[in-house]
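Chemist: Here is the input, now give the coordinates:
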Amino acid sequence: QVHLVESGGDLVQAGGSLTLSCAASRNIFTFAVVAWYRQAPGQERESVATMVASGMTTYADSVKGRFAISRDGAKNTVYLRMNSLKPEDTAVYYCNARDLRNTNYVHYWGQGTQVTVSS
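Modeler: Down below sits the predicted model:
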């Protein structure tokens, strides 16, 4: 059983920065994919940033140039650095990790951490 625990959510003013952390119960480099998603009230969960095992990253257009996903193998932790935050970044942020089983992904999720950006 894989456990993911997010932390770092907070209330921050627009233009500010925040770093989210996701501690995994397993070697972070053994996952096929690690990612961050977010869900705002009344909206569907959306992908924010993704890193595959090779280290290649992809970002949602809305956060490109502002957010950065990274990982630390020594701490089994994935980070999301968020700069130039906007009120529309307000959401619950979820850590996601995936194993590849045959041709399907097995998803693991954290419990979420609230990020609120005030204008």
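Chemist: List the residues that contact the residue nearest the centre of the chain.
Modeler: The centre of the chain sits closest to residue 36, judged by CA atoms, centre = their mean, with a distance of 2.3 Å. Neighbouring residues of residue 36 by CB atoms under 8 Å, 6 or more residues apart in numbering: 20, 22, 47-50, 67, 69, 78, 80, 93-96. Just so you know, the C-beta spots here come from the backbone N, C-alpha and C atoms, and that holds for glycine as well.
Chemist: ok, 6 Å please
Modeler: 48-49, 80, 93 (CB atoms under 6 Å, 6 or more residues apart in numbering).
Chemist: and it, what are its bridge partners?
Modeler: residue 49, residue 95 (DSSP bridges).
Chemist: Let me see the confidence value for it.
Modeler: What the model reports for residue 36 is a pLDDT of 98.
Chemist: And it, how far from residue 106?
Modeler: Residue 36 sits 18 Å away from residue 106, going by CB to CB, to the nearest Å.
Chemist: And the strands in this structure, which stretches?
Modeler: In the chain, the strands defined using DSSP state E lie at 4-7, 11-13, 18-24, 33-39, 46-52, 57-59, 67-72, 77-82, 91-101, 104-109, 113-118.
Chemist: List the buried residues of stretch 109-119.
Modeler: 110, 112-113, 115, 117 (16 or more other CB atoms under 10 Å).
Chemist: pLDDT on that stretch, on average?
Modeler: 97.
Chemist: Would you mind putting the CA coordinates of that stretch into PDB?
Modeler: What follows is stretch 109-119, C-alpha atoms only, in PDB (Å, rounded to 0.1, in the frame of the first residue of the first chain):
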ATOM      1  CA  TRP A 109      -3.600   9.900  -4.100                       C
ATOM      2  CA  GLY A 110      -2.800  12.000  -1.100                       C
ATOM      3  CA  GLN A 111      -5.500  13.600   1.000                       C
ATOM      4  CA  GLY A 112      -5.000  17.100  -0.400                       C
ATOM      5  CA  THR A 113      -3.800  20.400   1.000                       C
ATOM      6  CA  GLN A 114      -5.700  23.700   0.700                       C
ATOM      7  CA  VAL A 115      -4.100  26.600  -1.100                       C
ATOM      8  CA  THR A 116      -5.900  29.900  -0.900                       C
ATOM      9  CA  VAL A 117      -4.700  33.000  -2.800                       C
ATOM     10  CA  SER A 118      -6.200  36.300  -1.700                       C
ATOM     11  CA  SER A 119      -6.500  39.300  -4.000                       C
END
